[in-house]
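Participant: What would the 3D arrangement of this be:
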Amino acid sequence: MFSTNTYIERRQKLAEQIESGIIVLLGNEEAGMNYTDNTYHFRQDSTFLYYFGINKAGLVGMIDIDGGTATLFGDEMTVDDIVWMGNQPSLKETAAKVGVNYVAPRNQIVEVLQKAQSGGGRAIHYLPPYRAKNTLKLHEWLQIPVKEITDKKSIPLIEAVVNQRLVKSEEEIAEIEKALNVTADLHTTVMEVTQAGVLEREIVGAIQGIALREGGQMAYPIILTVNGQTLHNHYHGNKLEKGQLVLGDFGVELESSYASDITRTFPVDTHFTDQQKAIYQIVLDAQMAAIEAIRPRISFKEIHLLAMEVIAEGLKALGLMKGNVDEAVEAGAVALFMPHGLGHAIGLDVHDMEDLGENLVGYDDTVQRSTKFGYSSLRFGKKLQQGHVITVEPGIYFIPELIDQWQKEGRHADYIHYAALENYRNFGGIRIEDNVLVTATGRKVLGKPIPKTIEEIEALRNSD
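Facilitator: Numbering: from 1, shown residues only. Presented below is the predicted three-dimensional model:
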């Protein structure tokens with residue numbers, strides 16, 4: 001939790017962007033894992049956290065733009081609650097810490113909203129819900145059919161939240177760096193302990209243990225796999241074997257809930273093979289070129305295409321691609337090897353605010369989303385501003401099923417040397433990812449350095 005003034009100022013800034021009406025920000029409820037009382041780990045809604053800062057289930061925040069007030073709706077603990085969870089600060093005490101002076105029982109929100117609608121038709125602004133319980137609440141409170149809840153979301157509110165949350169303050173950046181520093185230790189530890197004969201899940205267990213020890217949790221499900229060609233591989237049952245690559249994509253969030261997102265790829269052996277080195281260096285060159293290009297007012301879509309050009313040049317030098325590189329990039333041929341975007345915004349969410357709509361977060365009137373395969377997966381393409389924090393995560397993957405499909409269709413045959421790909425069918429995939437802050441004049445890679453060059457990784461893999 002930040003200072004009281006931080007939350008007051010955030011809410012004031014948000015209210016200034018909306019002409020009039022009432023803003024309703026729903027916190028999350030507990031969610032049953034396999035029955036009601038056996039719940040998943042509670043995670044508060046990120047936008048609610050941003051403006052109200054309270055990490056407790058069952059709350060609703062309201063900002064009355066015309067009246068200039070903020071109200072927290074929720075219920076105080078009963079004796080039964082205290083028996084199960086212990087005594088906690090009162091809701092009124094907690095609300096005061098975030099500068100909210102008005103606290104009301106949760107059931108009163110219905111009366112407040114209905115009065116606002118009937119007594120002058122005031123606009124009720126809400127964000128698109130991503131949990132069923134919150135959809136049903138809005139349906140009940142506002143008498144909107146369930147199927148229309150998302151359609152009637154407030155676009156002005158979404159745009160105001162996105163514009164505000166995308167630009168990170170110094171205190172937010174400090175929290176992201178704290179999470180990144182723990183994540184750096186996790187990745188370094190994984191590189192140190194990995195060896196042939198170990199199961200992926202043994203390494204995953206070590207990762208989760210360190211995160212818990214440091215007072216955090218994983219920001220998203222761990223990707224730790226020898227099958228790096230599968231972009232989101234959450235299976236951890238493989239036994240590591242010599243000659244394989246390990247792709248680890250994981251990050252933690254600490255008490256503040258700000259996320260980190262790092263990927264490293266390294267050999268099960270102590271050294272990369274020559275084939276692995278060649279592909280790895282292309283990915284690293286693409287990442288370094290992309291990071292170097294980051295600065296205010298350049299679109300991230302341009303930087304994505306730059307990374308694709310570096311990858312195409314490298315693969316052409318290896319004989320895996322052919323023809324004119326610029327034409328190959330323009331045609332979308334490189335997406336066979338990198339069928340995802342270069343990166344995304346990160347903050348309180350690992351994919352920041354994508355619950356509000358990817359295009360509303362990552363694109364605008366000046367930068368449009370591509371419709372080409374692979375390129376359309378770029379989640380964030382708009383022009384960069386000072387204070388944006390983004391991931392930069394190029395990769396090269398050899399996906400046999402995708403290669404076979406494209407070859408059968410004769411797709412991009414002028415640019416892809418399909419016969420040469422036979423020697424890479426069992427290669428897997430390589431991705432390298434860091435989190436980067438856009439500064440006034442350029443960029444800063446956040447967090448402690450994590451071994452990334454071939455020499456650094458091999459040195460760590462060979463250390464006793």
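
Participant: Helix or strand next in line after the worst-scoring helix or strand of the chain on mean pLDDT, which one?
Facilitator: Taking all helices and strands of the chain together, the one with the lowest average confidence (mean pLDDT, DSSP states H and E) is helix 79-85, at a mean of 82. Scanning forward in sequence from helix 79-85, with DSSP states H and E defining helices and strands, the next element found is helix 91-97.

Participant: Please compute how far whichever helix or strand comes after that following helix lies from its chain's middle.
Facilitator: On the C-terminal side of helix 91-97, the closest following helix or strand by DSSP H and E is strand 102-104. Distance, stretch centre to chain centre, for strand 102-104: 33 Å (Cα atoms, centre = their mean, to the nearest Å).

Participant: which other residues reach strand 102-104?
Facilitator: Residues from elsewhere that reach strand 102-104, judged by Cβ atoms under 8 Å, 6 or more residues apart in numbering: 69-74, 91-92, 95, 112. All C-beta atoms are positioned from the backbone trio N, CA, C, and that covers glycine.

Participant: Between all of those, which two are separated the most?
Facilitator: Longest distance between any two of the contacts of strand 102-104 is 17.7 Å, between Lys92 and Val112; criterion Cβ to Cβ.

Participant: Those two: who's more crowded?
Facilitator: The residue with more neighbours, out of Lys92 and Val112 and counting by other Cβ atoms under 10 Å, is Val112; that gives 17 against 14.

Participant: what residues are up against the residue nearest to that one when sequence neighbours are not counted?
Facilitator: Nearest-residue entry for Val112: Met62, 7.2 Å, with adjacent residues in sequence omitted and distances by Cβ to Cβ, 6 or more residues apart in numbering. Met62 is in contact with 22-25, 70-73, 109, 112, counting by Cβ under 8 Å, 6+ apart.

Participant: For Ile109, see how far away Met62 is.
Facilitator: Distance check for Met62 against Ile109: by Cβ to Cβ, to the nearest Å, it reads 7 Å.

Participant: what about Trp84, how many neighbours?
Facilitator: For Trp84, the count of nearby residues is 9 (other Cβ under 10 Å).

Participant: Could you do Ser46 as well?
Facilitator: If we define neighbours as other Cβ under 10 Å, then Ser46 has 20 of them.

Participant: and if you look at the one 3 residues further on?
Facilitator: Using other Cβ under 10 Å, Leu49 has 21 neighbouring residues.

Participant: Surely it touches Ala259?
Facilitator: No. With contacts defined as Cβ atoms under 8 Å, Leu49 does not count as touching Ala259, sitting 11.8 Å away.

Participant: shared neighbours of the two, which are they?
Facilitator: With contacts taken as Cβ under 8 Å, 6+ apart, Leu49 and Ala259 have Leu348 as neighbours in common.

Participant: any common contacting residues for Met62 and Ile109?
Facilitator: In the contact map built from Cβ under 8 Å, 6+ apart, the residues linked to both Met62 and Ile109 are 24, 73.

Participant: Please, where are all the helices along the stretch 201-350 of the chain?
Facilitator: Along the stretch 201-350 of the chain, the stretches classed as helices by DSSP state H, counting those that start in this stretch are 274-293, 300-317, 325-331.

Participant: what's the last one in contact with?
Facilitator: Helix 325-331 has contacts (Cβ under 8 Å, 6+ apart) with 305, 308-309, 312-313, 316, 321, 334, 412, 415.

Participant: Now the element after it, going C-ward?
Facilitator: Moving toward the C-terminus from helix 325-331, the first helix or strand encountered (DSSP H and E) is helix 358-362.

Participant: tell me what that next one is packed against?
Facilitator: The elements that helix 358-362 packs onto, with contact taken as 3 or more Cβ pairs under 8 Å, 6 or more residues apart in numbering; DSSP states H and E, are helix 155-166.
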